[in-house]
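Engineer: Predicted structure and sequence below. I'll ask about it afterward.
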Amino acid sequence: MKENFKIMVAAGGTGGHLFPAIAVVQKLEKYVKKIEVKFFGTANRIESKIVPQSGYELITMPITGYSGIFSLNSWLLPYKIWKSIKICRKEIKKFKPQAILCTGAYISYPAGVAATKEKIPLVLMESNVNPGKTIKALSKKATFIITSFAETEKYLEGIEKDRIKFFGNPVRENMLQSLDKEQARKQFGLSPEKETVLIFGGSLGALTINKATEKVIEHFKDKDIQFIWQTGDLYKTEKTNNEKLKIVPFIDNMAMAYSASDLVVCRSGATTVAELSVCGKASVLIPLPSASNQEQLRNAEVFAKKGAAVLLNNSEAEEKLYKVLEDLICDTEKIKSMETEAMKLAKLDAAEKTAELILSL
């Protein structure tokens, strides 16, 4: 066990960028007697709540994402980048970390640039198949780039292979805990014996998935199938909870929800597909079409190609989801095969390997 270690982490904007970083930090805490951690982020995104709640200090920056050429926010972006890099360099000089971990997206860019200028070892984590602009920009000077998919290497042209580490996407430890399926269903007020489909589209929901779910529930109302449906905070449905349907705006315990389900319908963000794999869940993946780098489509394609999921385009979901589910639910062997293939994609030791690599710097 290491005596002391200091690390700074740039992660946030979305849970997909934040939670893998927290998983790594929590693993580091088990390997170091005295660890000091500081996060870089913004004051108005998910990290502003989750990081302090998790017990870590958050240093905020004015950095924002690109909002389009006609946005005032975008015109101010060069200044915000400069200001954010300045903040990061100042905090790095003061804290003197032994490593800096960045998980991608705009929040990581200032910290990554500052790390290279201050000559601090920089570790990047790319959760999607195809790297985003920030990871690509920082990868040339990064000490290591950790990938979640073997396929990512082909997108990192010009990067030495020994700097690319295919460890997988770290997930929160509670996702690795085995929960009883029948007990999990009871927690949602559902029958412990009936086949269960979990449907969700993220914390804010997904309009297309929600509209498709309305038709799905109507189609299956006389059949012996039950549903857990996370609508998101903004979507309102006229349907109500009953013995075969549990509707919630947000699920706090996703491990419990996965345990209760036989089949999952969801988007294909990096953290979601990582959770599906470690939980060994068959899924219908509906990629977010507006994802800037088509990263959700690439993630879903990998799962579909391996036989771990069915890929359904967003434009087809409303009309075809109920039929896809009907075909799958009738084919228990197919679902078992998908579960097996999903588990083959899992990297249960991703957080552990990432933590060990960081401590070796």
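Structural biologist: Ah, there it is.
Engineer: Could you pull out the helices in the protein for me?
Structural biologist: Under the criterion DSSP state H, helices of the chain are mapped to 15-31, 47-53, 72-75, 77-95, 108-117, 133-139, 181-187, 207-219, 254-260, 270-279, 295-305, 314-329, 332-344, 350-359.
Engineer: Which of the ones you listed sits closest to K165?
Structural biologist: If you check each of the helices of the chain against K165 by CB to CB, helix 350-359 wins as the nearest, at 6.5 Å. The C-beta positions use only the backbone N, C-alpha and C, and glycine is treated the same way.
Engineer: ends of stretch 168-175, how far apart?
Structural biologist: Using CA to CA, to the nearest Å, one end of stretch 168-175 lies 14 Å from the other.
Engineer: where does the stretch 201-350 of the chain dip in pLDDT?
Structural biologist: 202-205, 291 (pLDDT under 70).
Engineer: Could you export stretch 275-284 as PDB, CA atoms only?
Structural biologist: What follows is stretch 275-284, C-alpha atoms only, in PDB (Å, rounded to 0.1, in the frame of the first residue of the first chain):
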ATOM      1  CA  GLU A 275     -23.100  -1.200 -16.700                       C
ATOM      2  CA  LEU A 276     -25.000  -3.500 -19.100                       C
ATOM      3  CA  SER A 277     -21.900  -5.600 -19.600                       C
ATOM      4  CA  VAL A 278     -20.900  -6.000 -16.000                       C
ATOM      5  CA  CYS A 279     -24.500  -6.800 -15.000                       C
ATOM      6  CA  GLY A 280     -24.800  -9.200 -18.000                       C
ATOM      7  CA  LYS A 281     -28.000  -7.800 -19.400                       C
ATOM      8  CA  ALA A 282     -29.500  -8.300 -22.800                       C
ATOM      9  CA  SER A 283     -30.600  -5.000 -24.300                       C
ATOM     10  CA  VAL A 284     -32.200  -3.100 -27.000                       C
END
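Engineer: contacts for it?
Structural biologist: When contacts are defined by CB atoms under 8 Å, 6 or more residues apart in numbering, stretch 275-284 is touched by residues 171, 175-176, 254-255, 258-259, 261-266, 303, 308-310, 312, 321, 324-325, 328, 334-335, 338-340, 342-343, 345-348.
Engineer: Across the sheet, point out what pairs with F144.
Structural biologist: V123 (DSSP bridges).
Engineer: What number of residues are in the vicinity of it?
Structural biologist: Residues lying near F144 (other CB atoms under 10 Å) number 22.
Engineer: ok, and the closest non-adjacent residue to G158?
Structural biologist: Using CB to CB, 6 or more residues apart in numbering and skipping the chain neighbours, the partner closest in space to G158 is K140 (7.3 Å).
Engineer: Relative to T103, how far out is that neighbour?
Structural biologist: 18 Å (CB to CB, to the nearest Å).
Engineer: Could you do E243 as well?
Structural biologist: E243 is 41 Å from T103, by CB to CB.
Engineer: I figured Q226 was touching G189, is that so?
Structural biologist: No: using CB atoms under 8 Å, Q226 makes no contact with G189, being 9.9 Å away.
Engineer: Next, show the common contact partners of these two.
Structural biologist: Contact criterion CB under 8 Å, 6+ apart; residues shared by Q226 and G189: K246.
Engineer: neighbour-wise, which of these two wins?
Structural biologist: Ranked by neighbour count (other CB under 10 Å), Q226 and G189 place Q226 first, with 24 against 13.
Engineer: When K140 and T103 are compared, which one has more neighbours?
Structural biologist: Higher neighbour count among K140 and T103: T103, with 31 against 11, using other CB under 10 Å.
Engineer: I'd say the more buried one and A23 touch.
Structural biologist: No: using CB under 8 Å, T103 is not in contact with A23; the gap is 10.6 Å.
Engineer: tell me the contacts of V37?
Structural biologist: Going by CB under 8 Å, 6+ apart, V37 touches K6, I7, M8, V9, V25, L28, Y56, E57.
Engineer: Could you rerun that using 7 Å?
Structural biologist: If you count contacts by CB atoms under 7 Å, 6 or more residues apart in numbering, V37 has them with I7, V9, V25, Y56.
Engineer: so can I have JSON lines of those residues showing distance to S290?
Structural biologist: Formatted as JSON lines, the contacts of V37 follow (distance: CB to CB, whole Å):
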{"residue": "I7", "distance to S290": "33"}
{"residue": "V9", "distance to S290": "27"}
{"residue": "V25", "distance to S290": "30"}
{"residue": "Y56", "distance to S290": "31"}
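Engineer: For the nearest residue to F5 once chain neighbours are set aside, give the beta-bridge partners.
Structural biologist: Of all residues not flanking F5 in the chain, V32 sits nearest, at 4.5 Å (CB to CB, 6+ apart). Residues in a beta bridge with V32, per DSSP bridges, are K2.
Engineer: V32 and T271, how far apart?
Structural biologist: 25 Å.
Engineer: again, but for I159
Structural biologist: Distance from I159 to T271, counting by CB to CB: 24 Å.
Engineer: between the two, which one's more packed in?
Structural biologist: Between I159 and T271, counting by other CB under 10 Å, T271 is the more crowded of the two (24 against 16).
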